[in-house]
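J.: no sequence on this one, just coordinates:
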């Protein structure tokens, strides 16, 4: 409902306007009437009308003076002037004071209604527009943190040549940085991929959120800064009073200790150089990124500052082929004692410091593929070494230090060496195993005990046993025991439980079940003469 206030010094005119139109039917409510300007201002304050229908000439304050008073207080009221013919030019000039429309006296009720409804429509349109803008404002405020983070990510990822492009958005996005020296610092969770595999997605996001908050709370008392996330790293853009980032190191040592204490994770931190222009924030980010890459060679849980001697990754066609050949040849020849040394030589070729960790990982994957090919040539099941569909490749890609890759590769090489050696002497080993079983079939024999007897890994022994003998370890022992039982059952003096015990079964009922499963009849039925 729109409120209308009528102001005219003639009572008959006010009465006619009020009674000659069914205002309620048109969504308009008459909130009051006034006979002069002073009374009008008082009613305006009390009733808060939306539309003021006012005569331009009245005793005391004129209609124009009332409108000027309203405008001076920025009151959101639409005004319609009632004007006589003699005041026509005067009324036209009043339009510059924000008057929405005017009517010439005498005017018909229909004309008044038409103008009021016109102004009412404009008010409703403004209200709708304000509601839409308010909704957008609420949505903007809700998405403000995301907009701010996107802008900060753009600063480190876009090569912008003009600092003003960034600076003009600082105030709008409430970015807490001054136009002085800037430096970027990267904070990386050690073993991030391994941690993320064992935690829920929301737990990982909460962990990063906590790190951002601890980072801000630790740094903010000393430096103006902005903290956000990019590619799973926590990024800090901070101000510096000079062109050296050495002063940052103390506060970041404190930060590392705080994160470890409260979140039980360790971090590595890369510190970029300081630059004067906001457009160079990206360069400081690249500095910090290169510094952090050094952790791949130097190890985790450190703070490392970029220096000018660190170069961008220079990846040329390179592969330590001779070192790889040494590993493959010694595996084929069954020389496990030199394999660790061989792998150390291979890895040392990769520690030249200018290769990115992604490129080094590709070189290590080449070695994995060569080892996989060796397994195929030696009829070694590759799934038992490198997982189904070479899933081990994903493991290599997730390691964040070269040392961890080396340790993992060494485990795989040792397993292959053990398998190759065992395969070469496989028949002799199984022969030894069968002799042990034949001599001890009436005792409890486990796969682990047998593996210990022949000095093999139980898992590999099981695989080798089935390949050589043609059945698995358990089936072989059951068949051997039941075969021995058949011989003993020929002696009618022996009870069934005596036979069971003699061939290694302490439970007569279980012995009978196994016997029937393999022979198709019970022990009693087997010994009955036909």
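T.: Yep, it's here. What you are looking at is a predicted structure, and each value in this text was computed from that prediction instead of being measured.
J.: measure residue 144 to residue 175 for me?
T.: 12 Å (C-beta to C-beta, to the nearest Å). Just so you know, the C-beta spots here come from the backbone N, C-alpha and C atoms, and that holds for glycine as well.
J.: oh, I was asking about residue 123
T.: 39 Å.
J.: of the two, who's got more company?
T.: residue 175 (19 against 16; other C-beta atoms under 10 Å).
J.: the one helix or strand residue 102 maps to pairs with which strands?
T.: Residue 102 is located in strand 99-104, with elements delineated by DSSP states H and E. The sheet places strand 99-104 alongside strand 78-83 (parallel), with pairing taken from DSSP bridges.
J.: contacts for the strand it pairs with?
T.: Applying C-beta atoms under 8 Å, 6 or more residues apart in numbering, the contact partners of strand 78-83 are 8, 13, 50-56, 63-64, 67, 70, 90-91, 94, 98-105, 107, 115-116, 119, 122-123.
J.: let's see 7 Å
T.: Applying C-beta atoms under 7 Å, 6 or more residues apart in numbering, the external contacts of strand 78-83 come out as 8, 50-56, 63, 67, 91, 94, 98-105, 115-116, 119, 123.
J.: before we move on, back to that, give me the buried positions along the strand holding residue 102.
T.: Of all the residues in strand 99-104, those buried under the rule 16 or more other C-beta atoms under 10 Å are 99, 100, 101, 102, 103.
J.: what do you get for stretch 491-503?
T.: Residues of stretch 491-503 classed as buried: 494, 496, 497, 499, 500, 501, 503 (neighbour count, 16+ other C-beta under 10 Å).
J.: quick one: name whatever helix or strand follows the strand holding residue 102.
T.: According to DSSP H and E, the helix or strand after strand 99-104 is helix 109-157.
J.: mind listing what's buried along whichever helix or strand comes after that following helix?
T.: Using DSSP H and E, the next helix or strand after helix 109-157 towards the C-terminus is helix 163-170. Under the neighbour-count criterion of 16+ other C-beta under 10 Å, helix 163-170 has 163, 166, 169, 170 buried.
J.: which of those scores worst on pLDDT?
T.: The lowest pLDDT within the buried residues of helix 163-170 belongs to residue 163, with 78.
J.: report the separation between that one and residue 180.
T.: For residue 163 relative to residue 180 (C-beta to C-beta), the value is 12 Å.
J.: thinking again about what came up before, show me what the strand holding residue 102 is in contact with.
T.: 67, 78-83, 85, 88, 91, 111-112, 115, 118-119.
J.: what about that strand, average pLDDT?
T.: Averaging pLDDT along strand 99-104 gives 85.
J.: cool, stretch 410-417 as well?
T.: 92.
J.: dig out what residue 236 forms beta bridges with.
T.: residue 185, residue 227.
J.: now do the contacts for it.
T.: With C-beta under 7 Å, 6+ apart, residue 236 has these contacts: 184, 185, 187, 215, 219, 225, 227.
J.: if you set the cut-off to 6 Å instead, what comes out?
T.: Contact analysis of residue 236 by C-beta atoms under 6 Å, 6 or more residues apart in numbering lists 185, 225, 227.
J.: of the residues you listed - the most surrounded one?
T.: Within these, residue 185 tops the neighbour count with 31 neighbours, counted by other C-beta under 10 Å.
J.: got a list of what that residue touches?
T.: Counted by C-beta under 6 Å, 6+ apart, residue 185 has contacts 236, 271, 288.
J.: in the stretch 251-400 of the chain, which spans are strands?
T.: Along the stretch 251-400 of the chain, the segments classed as strands by DSSP state E, counting those that start in this stretch run 267-271, 303-305.
J.: each with direction, which strands does the shortest one pair with?
T.: Looking back up the chat, that one is strand 303-305. strand 267-271 (parallel).
J.: now the helices: where do they sit in the stretch 401-530 of the chain?
T.: 402-424, 426-440, 447-454, 458-469, 473-488, 496-502, 508-519, 523-527 (DSSP state H, counting those that start in this stretch).
J.: and of those, who's closest to residue 292?
T.: helix 402-424 (14.3 Å; C-beta to C-beta).
J.: quick one, the closest one and helix 447-454 angle?
T.: Computed by axes from the mean of the first three to the mean of the last three C-alpha atoms, to 10 degrees, the angle separating helix 402-424 from helix 447-454 equals 80 degrees.
J.: from the chain's centroid, how far away is helix 402-424?
T.: 34 Å (C-alpha atoms, centre = their mean, to the nearest Å).
J.: what comes up buried for that helix?
T.: Result for helix 402-424 [16+ other C-beta under 10 Å]: buried residues 402, 404-406, 408-410, 412-413, 415-417, 419-423.
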